[in-house]
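Trainee: sequence isn't available, so here's the structure alone:
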């Protein structure tokens, strides 16, 4: 459990540092990995890639309930739980503090609809954490 909390704290801190860095550099735009990844900062005030018309105040209890339900179902231990918890808390903190989330990673050469969306480090931690929890459960 302590390892999970440490991983969550590291993800939370790293996400905050990346946000501060991007805001200090006035939200620069840049291509990485031969154009396969693009840093293109953009504020997201909605939920679910702005598909859900919910405010930051409406998202807070829903986010906490979803995090709690996932962790109760899949467990509070391990790297996956730490990534999920850290990423979820990072996005929640941004919504409560700033009223929006700063998304900045695009994958323009990704297949299908993936190339249309902009993500942030917290989103990637949530995705990876959830995948690790599912894989851990399947191995049992």
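Mentor: Looks like it came in fine. Bear in mind that the values here come from a model prediction, so they are computed numbers and not experimental data.

Trainee: for residue 108, which three-state class applies?
Mentor: coil (DSSP: H, G, I helix; E, B strand; the rest coil).

Trainee: what about it, how many neighbours?
Mentor: 13 (other Cβ atoms under 10 Å). C-betas here are computed from N, CA, C, even on glycine.

Trainee: which ones are touching it?
Mentor: Contact analysis of residue 108 by Cβ atoms under 8 Å, 6 or more residues apart in numbering lists 35-36, 38, 115.

Trainee: quick one: contacts for the closest residue in space to residue 31 that isn't next to it in sequence?
Mentor: By the measure of Cβ to Cβ, 6 or more residues apart in numbering, the closest residue to residue 31 outside its immediate chain neighbours is residue 38, 5.3 Å from it. Residues near residue 38 by Cβ under 8 Å, 6+ apart: 29-32, 105-108.

Trainee: these into a markdown table, with extra columns for pLDDT and distance to residue 129?
Mentor: Shown next, in a markdown table, are these (pLDDT from 0 to 100; distance: Cβ to Cβ, whole Å):
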| residue | pLDDT | distance to residue 129 |
| --- | --- | --- |
| 29 | 77 | 28 |
| 30 | 84 | 27 |
| 31 | 85 | 27 |
| 32 | 84 | 23 |
| 105 | 91 | 17 |
| 106 | 91 | 21 |
| 107 | 91 | 19 |
| 108 | 89 | 25 |
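
Trainee: so among the residues you listed, which ones count as buried?
Mentor: Burial by neighbour count, judged by 16 or more other Cβ atoms under 10 Å, picks out 105-107 from those.

Trainee: circling back: among the contacts of residue 108, who's most crowded?
Mentor: Neighbour counts for the contacts of residue 108, by other Cβ under 10 Å, peak at residue 38, which reaches 18 neighbours.

Trainee: distance check, that one against residue 128.
Mentor: As judged by Cβ to Cβ, to the nearest Å, residue 38 and residue 128 stand 20 Å apart.

Trainee: try residue 111
Mentor: Look at residue 111 and residue 128: by Cβ to Cβ, they are 19 Å apart.

Trainee: name the nearest of the contacts of residue 38 relative to residue 79.
Mentor: Nearest to residue 79 among the contacts of residue 38 is residue 105, at 20.8 Å by Cβ to Cβ.
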